[in-house]
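Enquirer: 3D model of this:
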Amino acid sequence: MKLDVVTLGESMIQLNAKTIGPLETVREWEQHAAGAESNFAVGVVRMGLKAGWISRLGKDGFGRYIVQVIKENGVDVSQVKFDPSAPTGIYFIWHPKEGESVVKYYRKGSAASKLSPRDIKKRYIKNSRWLHLTGITPALSDSCSEACFKAIEYAHDFELKISFDVNWRKVLWRSVSEARKVFEKIAKEVDLVKIGIEGFNQIWRRSLSPKDACKFLSKRFNCEALVTKERDAYACSKNEVVHERAMKVKVVDPVGAGDAFLAGYVASRLKGYSMRESLRIANVIGATVCTRRGDIEAIPTWDEIQSKFNL
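Expert: All right, here's what the predicted structure looks like:
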């Protein structure tokens, strides 16, 4: 199967509170399938392209549910393996007040943490145009980190473009310095790096503005860079810096918006749009996702985006 984008990483069961208030008051939850990389893959498909997802899930009802949902959303799941010896990860989201979300993960020892280079098939990478990675996957285990670098090796063999969403999760790392070392090793190999400004300043121990951070990353790693801050987004290359302000929406749940934002940007670049056009499209997609619970349910389609921009 020919694909436009391949990605790898963990997807989990998301249980999202249906009511506003402290955790102890929640009595009803919505179940969703969610994970940075599979969210990204679904976003790419909604943009009219083809995407595949590599992962491991527990051989349980939760794992089967996740594969069913991702497959129903058009993503190729032929490289997802079920592990009878490890569970599918779970996380909870609740909303102490309107527009605010708190997340708690239960993923230690999950099936996805056993992802290894053996799960990365050279032929599968060969049949794509773009590889997407996040900084979450290498934090899960040594074998997950090795899987990321094996995928990078194959991507270089076949001249794929590579994107890297740092997706900073301090709790997953033993130290900031350890994370920075891994992130820099990956960033040196890719064509596009994306990060939020708070994560950037924590990891690189600086106090830069989003614009300056974007320029720093682009120059340091000789790649295109994206840096976001709340409703601001910057895209930088060697010769260009562009800025877009996101549209105003009523925020219900912002979790997953960054994944959809980057999916829109990458898909737009693959379609031949400029950095500025791609950033505008990405901003609309990210803002739209904030308007509903669930990471993938609110991702707009390419037809909807075209109607907004008259593309």
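Enquirer: wait, a helix at Tyr265?
Expert: Yes. Membership of Tyr265 in a helix is supported by DSSP: H, G, I helix; E, B strand; the rest coil.
Enquirer: and the residue nearest to it when sequence neighbours are not counted, how many neighbours?
Expert: Spatial nearest neighbour of Tyr265, excluding adjacent residues (CB to CB, 6 or more residues apart in numbering): Ala282 at 3.9 Å. Backbone N, C-alpha and C define where each C-beta goes, glycine included. When neighbours are counted by other CB atoms under 10 Å, Ala282 registers 30.
Enquirer: likewise Val241?
Expert: That count, for Val241 with other CB under 10 Å as the rule, works out to 15.
Enquirer: make 29 the starting number, not 1.
Expert: Got it, first residue is 29 now, which makes that one Val269.
Enquirer: so what's it bridging to?
Expert: Taking DSSP bridges as the rule, Val269 bridges to Cys264.
Enquirer: hmm, it is touching Lys239, no?
Expert: Yes. Using CB atoms under 8 Å, Val269 makes contact with Lys239 at a distance of 6.6 Å.
Enquirer: look up how far Cys172 lies from Val210.
Expert: 11 Å (CB to CB, to the nearest Å).
Enquirer: common neighbours of these two, please.
Expert: Common neighbours of Val210 and Cys172 are listed as Pro166 (criterion: CB atoms under 8 Å, 6 or more residues apart in numbering).
Enquirer: before we move on, back to that, contact partners for the residue nearest to Tyr293?
Expert: Contacts of Ala310 (CB under 8 Å, 6+ apart): Ala261, Phe289, Leu290, Gly292, Tyr293, Ser296.
Enquirer: let's see 6 Å
Expert: By CB atoms under 6 Å, 6 or more residues apart in numbering, the contact list for Ala310 reads Phe289, Gly292, Tyr293.
Enquirer: go on, Leu85?
Expert: Contacts for Leu85 (CB under 6 Å, 6+ apart) come out as Gly91, Ile94, Phe110, Thr116, Ala139.
Enquirer: now do the phi/psi pair for the last one.
Expert: So that's Ala139. As for Ala139, its main-chain torsions (degrees, to the nearest 10) stand at phi -60, psi -40.
Enquirer: so for it, what pLDDT did the model give?
Expert: Turning to Ala139, the model gives it a pLDDT of 98.
Enquirer: what of Leu339?
Expert: 63.
Enquirer: any low-confidence regions in this protein?
Expert: By pLDDT under 70, the weakly predicted segments of the chain are 337-339.
Enquirer: please name the nearest non-neighbouring residue to Val199.
Expert: Tyr133 (7.9 Å).
Enquirer: likewise for Gln59?
Expert: Leaving aside its sequence neighbours, Gln59 sits nearest to Leu43 (CB to CB, 6+ apart; 6.0 Å).
Enquirer: is the one you found bridged to anything, and to what?
Expert: So, taking DSSP bridges as the rule, Leu43 has Gln59, Phe120 as bridge partners.
Enquirer: so the residue nearest to Tyr293: helix, strand or coil?
Expert: Three-state call for Ala310 (three-state DSSP): helix.
Enquirer: of Val210 and Cys172, which one has the most company?
Expert: Cys172 (23 against 16).
Enquirer: distance of the more buried one relative to Leu220?
Expert: To Leu220, Cys172 is 21 Å away according to CB to CB.
Enquirer: run through the strands of this structure in chain order.
Expert: If DSSP state E is used as the criterion, the strands of the chain fall at 33-36, 40-48, 57-62, 79-86, 104-111, 118-123, 130-134, 158-162, 189-193, 220-224, 252-257, 260-264, 269-273.
Enquirer: make a markdown table from those strands and add distance to Leu245 to it.
Expert: Listed next are the strands of the chain as a markdown table, based on distance: least, CB to CB, whole Å:
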| stretch | distance to Leu245 |
| --- | --- |
| strand 33-36 | 20 |
| strand 40-48 | 28 |
| strand 57-62 | 27 |
| strand 79-86 | 25 |
| strand 104-111 | 30 |
| strand 118-123 | 28 |
| strand 130-134 | 26 |
| strand 158-162 | 15 |
| strand 189-193 | 10 |
| strand 220-224 | 5 |
| strand 252-257 | 4 |
| strand 260-264 | 7 |
| strand 269-273 | 12 |
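Enquirer: out of those, which is closest to Ala69?
Expert: Smallest distance to Ala69 across the strands of the chain (CB to CB): 4.0 Å, for strand 79-86.
Enquirer: and that closest one, which strands flank it?
Expert: strand 33-36 (parallel), strand 104-111 (parallel).
Enquirer: determine which stretch of the ones you listed is the most buried.
Expert: By mean neighbour count, with neighbours taken as mean count of other CB atoms under 10 Å, strand 33-36 ranks first of the strands paired with strand 79-86 at a mean of 30.
Enquirer: fine by me, thanks again.
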